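Undergrad: Here's a sequence, model it:
(chains A, B, C and D)
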There are 2 protein chains.
Amino acid sequence: MPYAPNHKQDTRQRIIRNAARLFNRKGFAEVTIGEIMTAAGLTHGGFYRHFSSKDELYAEAVRYFFTKGAPEPWQTGLDVSCEPGQQFARFVVDAYLSRDHLEDLDGSCPLIGLPSDVARSSPLVKAAYREVAESMIQVFKANLHGPKARQQALILVALCVGGMVLARALDDQALADDFRDAAHKHILVTTGWRDGRHGRRGSTFVRGIR
Amino acid sequence: MPYAPNHKQDTRQRIIRNAARLFNRKGFAEVTIGEIMTAAGLTHGGFYRHFSSKDELYAEAVRYFFTKGAPEPWQTGLDVSCEPGQQFARFVVDAYLSRDHLEDLDGSCPLIGLPSDVARSSPLVKAAYREVAESMIQVFKANLHGPKARQQALILVALCVGGMVLARALDDQALADDFRDAAHKHILVTTGWRDGRHGRRGSTFVRGIR
DNA sequence: GTCTATATCTCGATAGAC
DNA sequence: GTCTATCGAGATATAGAC
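TA: Here you go, the predicted model:
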């Protein structure tokens, strides 16, 4: 018996992990199944023993980010989704709008890596995308107060995603940085989390976040 | 002489117009040249007498929105880019975050229809995308005051784009509406343009905008 | 469970007639 | 300027050996 009991599960996870990376970097249509399988150390013939279609894998790959792919502290926060105080939410904002995150084409949040791809995808994929969005809303909402906590959380998510999506699509790094900084400052000021300085110490603060 | 003097120009414009619509709806990779040419009433063989590659057409299609594709008042504002008062900027925000705009998959602003596609495209395409983004920044900036006018304009753009990009990618219409409304209210309140009611009269206010 | 081999299809781009 | 015809590359998905 040459296969370990959970060998297939491991292989499946390896496929998903590599698919998430490749989809994030190149988009859905531009990645081939053969490419994914090769990256996972397999040949493309065996793909259909794990997934019934490329689309099904796509949904799994989107979900992957917040189940296994996100950095450690983000991970933790998503599980409990109500860490004490504002420390964690502040950490997420810093990390999300950081240059590291902008440049991490492989491992970034799918919310900013795949928005227009998902908008045109199957319900299966959109559902996975919504799960990620809702968990992000929850993270912010848990650290806000008052009756408008949810509405404010939505604004923070829209600002984080909007700022990063634009920064990603722009060839002009100065303009991209302006978008990130403006969004970051505005969030810190309107939430009262801090006086609103970023830029200078932003990148060191979140170094290693991916 | 069976061809009118500007026949080629007209044909070229017809190709671009149909390409913009198809790219917006289906994404870059999912649209074939044959499909575009058929929509323009031609066969795909003649394509390369107008464009040297699919990529070149893509850049033209992105640019098309704000040179010819946007609704009339938006058009006007983009040309002059400094209408008097806040009336025009307010109009743009209403229209941008409207349900009509959300549902207009063919004719929407490329900023929200193609962000992740453009992020992975050639410098040519990204340059066109930047032109659209910068013109939108200008529209807002011209209607804001003080030394922070530009920074505030960036925030408005990020909120408009972020809110709509998320709304587009979500299968849940209630959540999509929440994002649009939250972004809209927040903009009106922080700019002081109005007290911040949307939703109920939002769609009638911008009816006919596309 | 994973391999090789292949059927079937579709695309971008070119060539040459009209 | 636009057509028809076609090349060559590369895709998804399947079949069957091991």
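Undergrad: which regions of chain A sit below the pLDDT cut-off?
TA: Where chain A drops to pLDDT under 70, the residues are A:1-2, A:76-86, A:195-210.
Undergrad: Write out the residues of it neighbouring DNA strand D.
TA: A:Val31, A:Thr32, A:Ile33, A:Gly34, A:Glu35, A:His44, A:Gly45, A:Phe47, A:Tyr48, A:Ser53, A:Lys54 (C-beta under 7 Å from any atom of the strand). Quick note: C-beta positions are derived from backbone N, CA and C, even for glycine.
Undergrad: Show me those that map onto helices.
TA: Judged by DSSP state H, helices contain the following of the residues of chain A next to DNA strand D: A:Ile33, A:Gly34, A:Glu35, A:Lys54.
Undergrad: isn't the second one right up against A:Gly45?
TA: Spelled out, that is A:Gly34. No. A:Gly34 is not in contact with A:Gly45 according to C-beta atoms under 8 Å; the separation is 9.1 Å.
Undergrad: quick one: which helix or strand includes the residue lying closest to A:Arg90 once chain neighbours are set aside?
TA: Sequence neighbours aside, A:Trp193 is the residue nearest to A:Arg90 in space, at 5.1 Å (criterion: C-beta to C-beta, 6 or more residues apart in numbering or on different chains). Assigned by DSSP states H and E, A:Trp193 belongs to neither a helix nor a strand.
Undergrad: Tell me the helix or strand right after the helix or strand harbouring A:Ser135.
TA: Element membership of A:Ser135, judged by DSSP H and E, is helix A:123-141. Counting by DSSP H and E, the element after helix A:123-141 in chain order, helix or strand, is helix A:149-169.
Undergrad: distance of A:Lys185 from chain B?
TA: 7 Å (C-beta to the nearest C-beta, to the nearest Å).
Undergrad: Next one: the residue nearest to A:Arg90 relative to DNA strand C, how far apart?
TA: Look at A:Trp193 and DNA strand C: by C-beta to the nearest atom of the strand, to the nearest Å, they are 47 Å apart.
Undergrad: pretty sure that residue contacts A:Phe91?
TA: No. Judged on C-beta under 8 Å, A:Trp193 makes no contact with A:Phe91 at a distance of 10.4 Å.
Undergrad: Which of the residues of chain A next to DNA strand D has the largest number of neighbours?
TA: Neighbour tally across the residues of chain A next to DNA strand D (other C-beta atoms under 10 Å in any protein chain shown): the maximum, 22 neighbours, falls on A:Val31.
Undergrad: Now that one: closest residue in space that isn't a chain neighbour?
TA: Per C-beta to C-beta, 6+ apart, closest to A:Val31 is A:Leu22, 4.6 Å.
Undergrad: about what we covered before: check the residues of chain A next to DNA strand D one by one and keep those near DNA strand C.
TA: A:His44, A:Gly45.
Undergrad: Which two of the residues of chain A next to DNA strand D have the greatest separation?
TA: Farthest pair in the residues of chain A next to DNA strand D (C-beta to C-beta) is A:Val31 and A:Gly45. Separation: 17.2 Å.
Undergrad: Would you map out the domains in chain A?
TA: A:7-62, A:70-205 (automatic domain parsing).
Undergrad: Quick check: which of those is buried the most?
TA: Most buried of the domains of chain A by mean neighbour count (mean count of other C-beta atoms under 10 Å in any protein chain shown) is domain A:70-205; its value is a mean of 19.
Undergrad: related to what we said a few turns ago, the residue nearest to A:Val31: which element?
TA: Going by DSSP H and E, A:Leu22 is in helix A:7-26.
Undergrad: A:Tyr64 now?
TA: helix A:54-64.
Undergrad: relative orientation of that helix and helix A:7-26 in degrees?
TA: 90 degrees (axes from the mean of the first three to the mean of the last three C-alpha atoms, to 10 degrees).
Undergrad: which phi and psi does the one residue sitting closest to the centre of chain A have?
TA: Most central in chain A under C-alpha atoms, centre = their mean is A:Cys109, positioned 1.3 Å from the mean C-alpha point. Main-chain dihedrals, A:Cys109, degrees, to the nearest 10: phi -60, psi 130.
Undergrad: is it true that it touches A:Ala133?
TA: No. A:Cys109 lies out of contact with A:Ala133 (C-beta under 8 Å); the separation is 9.8 Å.
Undergrad: With adjacent residues omitted, what lies nearest to A:Leu105?
TA: That would be A:Arg25: by C-beta to C-beta, 6+ apart, it lies 4.7 Å from A:Leu105.
Undergrad: and chain A, which of its residues are near DNA strand C?
TA: So far as C-beta under 7 Å from any atom of the strand goes, chain A lies against DNA strand C at A:3, A:7-8, A:11, A:37, A:41-46, A:49-50.
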